[in-house]
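Student: sequence below, structure please.
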Amino acid sequence: MPELKAGDSFPADVAFTYIPPSTEGDIKVCGIPQRLDASKEFADKKVVLVSVPGAFTPTCQASHLPSYLDNKDALRAKGVDQVVVIAYNDVFVMSAWGKANGVTDDFVIFASDAGASFSKSIGWTLGERTSRYAIVIDHGKVVYASQEDDTKSISQSGAEAVLAKL
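Tutor: Residues are numbered from 1 along each chain as shown. Below you'll find the model as predicted:
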């Protein structure tokens, strides 16, 4: 499958794994992993799918994730139902990353793109890691998709860039 672009349908059979957020903020407490059937879920919502090279990594933690957490209200005001943050990290690391950043509701979900399988399918990887990109899916249709050219930049995949396209 080639990279996604505006106007494309979100592909079938895409799934991630996540642990539902909870008010239990202890990152040492593990939840039960669940399947997120992205193809099915994204067919009925407006979703921002955000990919980062890795949980807790410098740009991801210092600027990329905060851009979304700081703009939750603005994203909701533009009709976004959910932000799904993916990385090649396993589901437990992704869950801990959400907890470490104080996320307790399901507006922002932290999911694993295990083996970077989805990212590889669209050609957006950094070696074995997921690349830095954002895809906006509105009821199954891609309305925005952009990968960063510079791994330290969020000019195309940060919340501000996405908000400008909504």
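
Student: spatially nearest residue to Leu4 (excluding sequence neighbours)?
Tutor: Closest residue to Leu4 apart from its sequence neighbours, by C-beta to C-beta, 6 or more residues apart in numbering: Ala145 at 4.5 Å. To be clear about C-beta, it is placed using only N, CA and C from the backbone, and glycine gets the same treatment.

Student: which helix or strand contains the one you found?
Tutor: Assigned by DSSP states H and E, Ala145 belongs to strand 141-147.

Student: so which residue is smack in the middle of the chain?
Tutor: Centroid-nearest residue in the chain, with C-alpha atoms, centre = their mean: Val85, separated by 2.2 Å.

Student: sec struct for it, please.
Tutor: Of the three states, Val85 takes strand under DSSP: H, G, I helix; E, B strand; the rest coil.

Student: that older thread, chain center to the strand holding Ala145: distance?
Tutor: 13 Å (C-alpha atoms, centre = their mean, to the nearest Å).

Student: where are the low-confidence patches of this protein?
Tutor: Counting by pLDDT under 70, the ranges of the chain that qualify are 1, 25.

Student: okay, helices next: where are they in it?
Tutor: Assigned by DSSP state H, the helices in the chain fall at 38-42, 58-59, 65-69, 72-77, 91-100, 117-121, 159-165.

Student: quick one: contacts of the longest one?
Tutor: Residues outside helix 91-100 that contact it (C-beta atoms under 8 Å, 6 or more residues apart in numbering) are 17-19, 21, 24-27, 30-31, 33, 55-56, 65, 85-87, 89, 108-112, 114.
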